[in-house]
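Enquirer: my questions are about this predicted structure, shown below with the sequence.
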Amino acid sequence: MSENIWGYQPTAGHQSGTALTGYKVEATDGSIGKVDKHSDEVGSAYLVVDTGVWIFGKHVLLPAGTVKSVDAAEKKIYVDLTKDQIKDAPEFDKDKHIGDSGYHEQIGGYYGKHRRP
């Protein structure tokens, strides 16, 4: 199941090339922050979410496969994770993020175990 975690689900409604920075991110149980940066790179698409004061300014890396839907009109992204699953996720590490496949495996493994079949 985790092999496709780094790509948007076809049903998510995301158009490649759409700027998602600044979109609000909604977990299954409420708002968790906003998109700080994102990538549409094939096989490595992701969102970096700034959780703000909710969990003391933590940034988390969300693989694109966690995105349930994108609402361009409302500028909101809905993810298939709870607030606690995101809060307990490994913190985004901008140094490891570039060129460290082990880091992506760690992140993908964490979210992969929380995905619904």
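Expert: Right, received. Where do you want to start? Residues are numbered from 1 along each chain as shown.

Enquirer: and the least confident helix or strand in the chain by mean pLDDT, what does it pack against?
Expert: The helix or strand with the lowest mean pLDDT-type score in the chain, counting by mean pLDDT, DSSP states H and E, is helix 94-97 (a mean of 85). When contacts are defined as 3 or more CB pairs under 8 Å, 6 or more residues apart in numbering; DSSP states H and E, helix 94-97 packs onto helix 101-112. Using the backbone N, CA and C atoms, a C-beta is placed for each residue, glycine as well.

Enquirer: the residue of the chain most remote from its centre in helix, strand or coil?
Expert: Note on the chain: the largest separation between a C-alpha and the mean C-alpha position, by CA atoms, centre = their mean, falls on Ala73 (19.3 Å). Assigned with DSSP: H, G, I helix; E, B strand; the rest coil, Ala73 falls in the coil class.

Enquirer: so what's the residue nearest in space to the middle of the chain closest to, chain neighbours aside?
Expert: For the chain, Leu62 is the residue whose C-alpha lies nearest the centre (CA atoms, centre = their mean; 2.2 Å). Nearest residue to Leu62, sequence neighbours excluded (CB to CB, 6 or more residues apart in numbering): Leu47, at 4.6 Å.

Enquirer: just confirm the one you found is within a strand.
Expert: Yes - according to three-state DSSP, Leu47 belongs to a strand.

Enquirer: list the buried ones in the least confident helix or strand of the chain?
Expert: Across helix 94-97, burial judged by 16 or more other CB atoms under 10 Å covers His97.

Enquirer: read off the pLDDT value for Ala12.
Expert: With respect to pLDDT, Ala12 scores 94.

Enquirer: surely the residue nearest to Leu62 is in contact with Val70?
Expert: No - checked against CB atoms under 8 Å, the pair Leu47 and Val70 is beyond contact range at 10.2 Å.

Enquirer: got any residues that touch both of those two?
Expert: Listed as contacting both Leu47 and Val70 by CB atoms under 8 Å, 6 or more residues apart in numbering are 20, 77.

Enquirer: where does pLDDT dip in the protein?
Expert: For the chain, applying pLDDT under 70 flags the ranges 1-3, 53-57, 115-117.
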